[in-house]
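Engineer: can't give you the sequence, but here's the structure:
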């Protein structure tokens with residue numbers, strides 16, 4: 001079963017995402033949005049062990065989502081997103097193949 005990386009642990013209930021894989025949090029505490037190098041180093045250490053089937057669940061600060069997605073795309077040439085759908089508390093899966101972009 002794939003892994004679902006959640007950008008930051010928050011008060012939200014992410015249990016609906018378990019249908020896509022095992023949940024893992026990239027961060028567990030408040031993050032300084034301006035500490036982009038620190039965010040990058042931490043995310044890179046975690047996502048370096050990822051595989052192309054992993055999902056990123058979009059949540060938290062935009063800068064954290066951008067950094068995580070950038071690392072994932074550079075490593076795998078694809079991007080697998082889970083986007084929360086508020087009307088029924090489910091997640092929409094979106095997979096992008098970016099392998100032919102120069």
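Structural biologist: That came in fine, so what should we check first? The structure displayed is predicted, hence computed values, not measured ones.

Engineer: Report the helix of the protein that spans the greatest number of residues.
Structural biologist: When the chain is parsed with DSSP state H, its longest helix is helix 62-76.

Engineer: Contacts for that helix next, please.
Structural biologist: Residues outside helix 62-76 that contact it (CB atoms under 8 Å, 6 or more residues apart in numbering): 5, 7-8, 26-27, 31, 33, 36, 39-40, 43-44, 47-48, 50-52, 54, 56, 58-59, 78-81, 98. Any C-beta I mention is one placed from the backbone N, CA and C, and that applies to glycine too.

Engineer: Give the buried residues for the helix or strand following it.
Structural biologist: Counting by DSSP states H and E, the next helix or strand C-terminal to helix 62-76 is strand 78-85. In terms of neighbour count (16 or more other CB atoms under 10 Å), strand 78-85 has its buried residues at 79-82.

Engineer: Please look at residue 47 and residue 5 and confirm they touch.
Structural biologist: Yes: judged on CB atoms under 8 Å, residue 47 makes contact with residue 5 at a distance of 7.1 Å.

Engineer: Thanks a lot, catch you later.
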